[in-house]
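Visitor: sequence-free structure coming up:
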C-alpha cells in the first residue's frame, strides 16, 4: 500500500522552523509524493504566523539560495548544476538576483537592485526591449538621452583594448571612438538626409546620391550646381570645387575667404583656363581642336600663338621672350 502525505502549510512550516533551530541537517524526510494546501515558507527566519499575502513559496533568511543539483552519472546525460542567488553574503556586498553556473562557479546573469523599470523585456514574438515593454524591432533600446550600444574589447584575449560606441540623439547618429578622446569619425545629422545618400555596392564602388548602383569607384550625383569640394585646412589653404553653371562644368579654386581665384571651364567643345570672371583679362587660355590659344598681354587681341603639336615647333624660352 502506498501512502500520500498532505500537510497544511502552517503545520509544516512550524515543524521545519522548530527543526532548523537544532540542526542544519535535514530532520524531516518524506518518501513519495506530497502536496501542501496553501503557501510554504522555507528558511531560518520563517515563523508560525507567517503572512504570505499572494506568495506561494517564500525563502526567508539572510542567505538565500536555490540550488538545482543534477545527479546524473552517465557521461552522455547533461548534468550541470545551477543555482539562483539573491544578494551577496559578505558585508558590503551587492544586492542582486543572479543565475550561477554552479558547476563552473561563475555567474551568467545578474539583475542588480535599483534597475530602471522595464529594463529588460522579451515580447511574444521574441523581440528584445531595453527600457520598453513594447519593442518595435528585434532589439529596441529606449531611454531619455542618447541610447547607446558599446562595443568593448577589454584585452583579456591578448589584444589591445579598444572601445567603440554606436549612438543616436536629437543631433544625429554617430560612431564614437571612446578610446581615442571620444572623437566622432562618422556622423549622420538629423534633418531628413535622402535615401541612398551614401552607398557602397558589391564591387566596392562608393555612391553619393547616385542611387544603389554607383558606376565608378566614386560616383557623386546631385541636382544642385555644387558637385564636390576638396579643401585643405592647413594655414588657410585654398579650396577646390567641382560645379556646374548654366550648362558648363567647372573646376574652381577658391581662397580661404571662398573667393574664386582660378577656374577650368569645360564648355562649347573647348577648355578654358581663367581667373575669377572667366572673361576679358581673366580668360588666360583656350584649348580646342586647333590647339592651345593663350591670351595677349593687353587682353584686347587674340593670344600670342596657337600651338599645333603636329605643324608647329615650339620656340625656345629665349626666342619666345624676344
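Guide: Great, that's in hand. Keep in mind the model is a prediction, meaning the values are calculated, not measured.

Visitor: Can you get me a residue count around residue 242?
Guide: 15 (other Cβ atoms under 10 Å). (C-beta placed from N, C-alpha, C; glycine too.)

Visitor: close enough to count as contact, it and residue 227?
Guide: Yes - checked against Cβ atoms under 8 Å, the pair residue 242 and residue 227 is within contact range at 4.4 Å.

Visitor: ok now stretch 192-202, how far from the chain's centre?
Guide: 17 Å (Cα atoms, centre = their mean, to the nearest Å).

Visitor: buried ones in it?
Guide: The neighbour-count criterion (16 or more other Cβ atoms under 10 Å) identifies residue 199 as the buried residues of stretch 192-202.

Visitor: So that it lines up with my notes, have the first residue be 44 from now on.
Guide: Fine by me, first position is 44 from now on; the one you just mentioned is stretch 235-245.

Visitor: What ranges does the stretch 94-243 of the chain have for its strands?
Guide: 100-102, 107-111, 125-129, 139-144, 149-155, 164-165, 171-173, 182-184, 191-196, 205-212, 215-220, 226-232, 242-243 (DSSP state E, counting those that start in this stretch).

Visitor: Distance to residue 255 and mean pLDDT for those - can I get that in TSV?
Guide: Listed next are the strands of the stretch 94-243 of the chain as TSV, based on distance: least, Cβ to Cβ, whole Å; pLDDT from 0 to 100:
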stretch	distance to residue 255	mean pLDDT
strand 100-102	58	96
strand 107-111	53	96
strand 125-129	49	97
strand 139-144	46	97
strand 149-155	42	97
strand 164-165	35	97
strand 171-173	30	97
strand 182-184	26	97
strand 191-196	26	98
strand 205-212	23	98
strand 215-220	20	98
strand 226-232	18	97
strand 242-243	6	96
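
Visitor: Residue 309 is nearest to which of those strands?
Guide: strand 242-243 (26.7 Å; Cβ to Cβ).

Visitor: got the strands of the stretch 94-243 of the chain as a markdown table, with distance to residue 89 columns?
Guide: Output for those, formatted as a markdown table (distance: least, Cβ to Cβ, whole Å):
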| stretch | distance to residue 89 |
| --- | --- |
| strand 100-102 | 7 |
| strand 107-111 | 12 |
| strand 125-129 | 15 |
| strand 139-144 | 20 |
| strand 149-155 | 25 |
| strand 164-165 | 33 |
| strand 171-173 | 37 |
| strand 182-184 | 41 |
| strand 191-196 | 43 |
| strand 205-212 | 47 |
| strand 215-220 | 52 |
| strand 226-232 | 57 |
| strand 242-243 | 65 |
